[in-house]
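1. Here is my input; please provide its structure:
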Amino acid sequence: MNSTYELQLLARLIHKHSLEEAQERRFSRHLKRRATITSDEYRQFVVREERPCHC
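-> Next comes the predicted model:
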């Protein structure tokens, strides 16, 4: 059986790990939002590149 000290250390590790995972999820959501372009930006890109628009 684990001592209370070991259980406290394990709880801290799990808590730290869950905080890190939450931060990674927030960061990946932020990157996904920054990676998407709006339809206006797409049209501007199409016009700038002189490609046919498939809107």
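
2. all helices for the chain, in order.
-> Using DSSP state H, the helices of the chain run over residues 4-35, 39-49.

3. Tell me, how many residues neighbour residue 43?
-> Other residues within reach of residue 43 by the criterion other Cβ atoms under 10 Å amount to 13. The C-beta positions use only the backbone N, C-alpha and C, and glycine is treated the same way.

4. With residue 17 instead?
-> 10.

5. How about residue 50?
-> 6.

6. how near is it to residue 15?
-> 55 Å (Cβ to Cβ, to the nearest Å).

7. For burial, what's the neighbour tally of residue 46?
-> If we define neighbours as other Cβ under 10 Å, then residue 46 has 14 of them.

8. One more: residue 42?
-> Residues near residue 42, counting by other Cβ under 10 Å: 13.

9. What's the separation between it and residue 34?
-> Distance from residue 42 to residue 34, by Cβ to Cβ: 15 Å.

10. got it, and residue 20?
-> Distance from residue 20 to residue 34, by Cβ to Cβ: 21 Å.

11. again with residue 18
-> Counting by Cβ to Cβ, the gap from residue 18 to residue 34 is 25 Å.

12. how about low-confidence regions in the chain?
-> 1, 49, 51-55 (pLDDT under 70).

13. Centre-most residue in it?
-> residue 28 (1.2 Å; Cα atoms, centre = their mean).

14. ok, now which ones touch it?
-> By Cβ atoms under 8 Å, 6 or more residues apart in numbering, the contact list for residue 28 is empty.

15. ok, residue 34 - contacts?
-> Taking Cβ under 8 Å, 6+ apart as the definition, residue 34 has no contacts.

16. I meant to write residue 19 there.
-> By Cβ under 8 Å, 6+ apart, no residues touch residue 19.

17. any idea how far it is from residue 36?
-> 27 Å.

18. got it, and residue 17?
-> Taking Cβ to Cβ, one finds residue 17 at 29 Å from residue 36.

19. Okay then, goodbye and thanks.
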